[in-house]
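Undergrad: everything below, folded, please.
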Amino acid sequence: MIEVRPGGRRRIDRVLAPDYTDGIERLPLAAVRALRDEAAQEETDLSYLRRLLHARIDILRAERQRRAEGGSAVVDQLATILASNAVGPATGRGRYQIQEPSRADAHQRHVEALVADVDLSDVGALSDGKLDLALRTFVSEEASVSGRRREVQAVVDRLNAEIADRYQNGSASVDELLAAERGWPTNPGRTKS
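TA: Next up, the predicted model:
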């Protein structure tokens, strides 16, 4: 389960702290963007962790189905099993991610440690009990990760709304954004409201 520790130092602790977006309307635009980027990075990491879990869930479900209906070994179907989720219909509030996961190795270790004695490289050798336990464990963890991801997405949405409002009401301009990104001086004659 993905725990959030009040006052914790991890990124998820900061992003999901109740006061993370307090007073954003008074912050400079760059500070709001920095908060948004931090939250978006957390969303990216949670999305990556979720994909790792989905892959394992798909493999275990395929093995369960193979046992019930017969058919070829899961390893022979692996490309199809993993691809079916990748090209399936989108669900939830997925968005285009521009960041790469920042903790891919840690997420991999986390998923592997969930069911330490289950070897997915030979799911056919698992007992029915171990197969069911592994599937329940991964499904439960995926539900936890998805819940946290939705919470983080709500934070990103609040920050994006603040940024959009500033552009809409004229207190921020695209020209200033582009100038700042390129290191150019902003228009000194422009007054901000």
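Undergrad: quick one, phi/psi of Gly23?
TA: Backbone torsions for Gly23, taken as degrees, to the nearest 10, come to phi 70, psi 20.
Undergrad: what about it, distance to Arg36?
TA: 15 Å (C-beta to C-beta, to the nearest Å). The way it works is simple: take the backbone N, C-alpha and C, and place the C-beta from them, glycine included.
Undergrad: what about the two, which has more around it?
TA: Per other C-beta atoms under 10 Å, whichever of Gly23 and Arg36 has more neighbours is Arg36, with 20 against 8.
Undergrad: contacts only, for the more buried one.
TA: Val156, Leu159, Asn160, Ile163 (C-beta atoms under 8 Å, 6 or more residues apart in numbering).
Undergrad: in what helix or strand does it lie?
TA: Assigned by DSSP states H and E, Arg36 belongs to helix 29-69.
Undergrad: again with Leu133
TA: Using DSSP H and E, the element containing Leu133 is helix 128-169.
Undergrad: model confidence over that helix, on average?
TA: Computed over helix 128-169, the mean pLDDT rounds to 94.
Undergrad: remind me what it packs against, helices and strands.
TA: In terms of contacts (3 or more C-beta pairs under 8 Å, 6 or more residues apart in numbering; DSSP states H and E), helix 128-169 is packed against helix 11-15, helix 29-69, helix 104-114.
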